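Enquirer: Sharing a model that was predicted from the sequence below.
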Amino acid sequence: MVQLYQGFLSAGLIFSNIVQSQVRKLINIYEYSTLQRINLVFTLISDNLADPWNTSTYSSPESEIGDRLVRYNQGWIVSRVIRHVPSQQYYGYGETIVSALNDAIVPRIFNPNNPGSHKNTIIQFQRYTGYQISGVSMGLGILGESFANFGRLGGISIVFIYGLGIGYIFSKLTGLAVERNIIWLAWIPFLLLTSLQAEWGFTLILNSLLKSFYVFIILIYFIPFLHKRLLTKGNRLFL
């Protein structure tokens with residue numbers, strides 16, 4: 001039963017990403033209003049379900065699946081980085097990490113020349129893999145970005161420190177769940193979901209983590225009900 005569920009989940013994920021890729025290709029060519037984009041999504045879903053192997057209007061599902069599997073293959077991305085750096089491109093020596101901190105901390109209004117986190121991610125991907133992409137957004141991932149900045153030993157060290165940081169946050173939240181309230185467990189995916197996502201680098205992760213932390217602080221300290229339930233001792237749900 002579990003295997004059947006996993007099979008349906010995998011098929012649904014691949015199907016949704018095929019439709020997403022087709023939508024991106026079309027909106028890059030034509031101008032669509034918000035309502036037209038919504039209608040486009042449902043039209044593509046209907047067309048793909050009715051004739052999944054139709055190649056006349058959009059693109060071949062076989063090629064879409066192949067492209068998507070390549071994109072999900074973090075090993076392929078890291079291999080591209082190792083092949084390209086430092087033979088074709090010098091090490092970044094922390095350049096992408098500094099850029100990520102700048103993106104996350106400095107508001108766009110004070111840095112109008114900043115192209116944005118997603119644009120920076122694409123620029124870094126193309127620079128450190130030598131692979132040009134269009135119509136999709138791909139990142140180096142933590143491992144690929146660490147190697148691109150500091151090489152083999154430095155990259156391993158950065159990933160180790162990163163893992164310690166994620167583990168520390170996880171342990172603190174689980175500790176609070178045991179000591180005070182089980183609801184603290186709900187904050188783990190809220191804060192850390194993107195930290196383990198494939199192909200997300202420091203820029204996207206720090207942006208997401210910082211914004212999630214802002215919301216976390218506002219909810220915890222400025223919503224009386226949550227403040228009382230989560231910060232008051234002796235409010236445990238564990239027996």
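Expert: All right, it came through fine. Numbering: from 1, shown residues only.
Enquirer: Give the buried residues for the lengthiest helix in the chain.
Expert: Assignment by DSSP state H gives helix 141-179 as the longest helix of the chain. For helix 141-179, the neighbour count (16 or more other CB atoms under 10 Å) marks 141-151, 155, 158, 162, 166, 169, 173, 176-177 as buried. In short, each C-beta sits where N, CA and C put it, glycine included.
Enquirer: Stretch 75-83 now?
Expert: 77-78, 80-82.
Enquirer: Dump those residues into TSV; add pLDDT as well.
Expert: Listed next are these as TSV, based on pLDDT from 0 to 100:
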residue	pLDDT
77	88
78	91
80	91
81	94
82	94
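Enquirer: Let's have those residues in CSV, adding distance to residue 117 and secondary structure.
Expert: Compiled in CSV, the buried residues of stretch 75-83 are given as follows (distance: CB to CB, whole Å; DSSP: H, G, I helix; E, B strand; the rest coil):
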residue, distance to residue 117, secondary structure
77, 18, helix
78, 21, helix
80, 21, helix
81, 19, helix
82, 24, helix
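Enquirer: ok, of those residues, which one's closest to residue 116?
Expert: Closest approach between these and residue 116, by CB to CB: residue 77, at 20.8 Å.
Enquirer: Tell me the spacing between residue 44 and residue 37.
Expert: To residue 37, residue 44 is 11 Å away according to CB to CB, to the nearest Å.
Enquirer: When those two are compared, which one has more neighbours?
Expert: Neighbours per residue, other CB atoms under 10 Å: of residue 44 and residue 37, the larger number sits with residue 44, 19 against 12.
Enquirer: and the helix or strand that one falls within, average pLDDT?
Expert: Element membership for residue 44, per DSSP states H and E: helix 34-50. For helix 34-50, the mean per-residue pLDDT is 76.
Enquirer: just the CA coordinates of that helix, formatted as CSV?
Expert: Output of helix 34-50 as CSV, limited to C-alpha atoms (Å, rounded to 0.1, in the frame of the first residue of the first chain):
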residue,chain,number,x,y,z
THR,A,34,-3.5,36.5,-14.6
LEU,A,35,-6.9,35.0,-15.6
GLN,A,36,-5.4,33.8,-18.9
ARG,A,37,-2.5,32.1,-17.0
ILE,A,38,-5.0,30.3,-14.7
ASN,A,39,-6.9,29.2,-17.8
LEU,A,40,-3.7,28.1,-19.5
VAL,A,41,-2.8,25.8,-16.5
PHE,A,42,-6.1,24.0,-16.6
THR,A,43,-6.0,23.7,-20.4
LEU,A,44,-2.6,22.1,-20.3
ILE,A,45,-3.6,19.8,-17.5
SER,A,46,-6.7,18.7,-19.5
ASP,A,47,-4.6,18.3,-22.7
ASN,A,48,-1.9,16.2,-21.1
LEU,A,49,-4.5,14.0,-19.4
ALA,A,50,-6.4,13.5,-22.6
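Enquirer: Stretch 34-47: which residues count as buried?
Expert: In stretch 34-47, counting by 16+ other CB under 10 Å, buried: 40, 44-45.
Enquirer: Let me fix that, I meant to ask about stretch 129-145.
Expert: 129, 138-145.
Enquirer: on that earlier part again, and the average pLDDT for the longest helix of the chain is what?
Expert: Helix 141-179 shows a mean pLDDT of 93.
Enquirer: Following element in sequence after that helix, please.
Expert: Trace forward from helix 141-179 with DSSP H and E and the next one is helix 187-192.
Enquirer: Counting neighbours, which bits of that following helix end up buried?
Expert: Neighbour-count burial for helix 187-192 [16+ other CB under 10 Å]: 187, 191-192.
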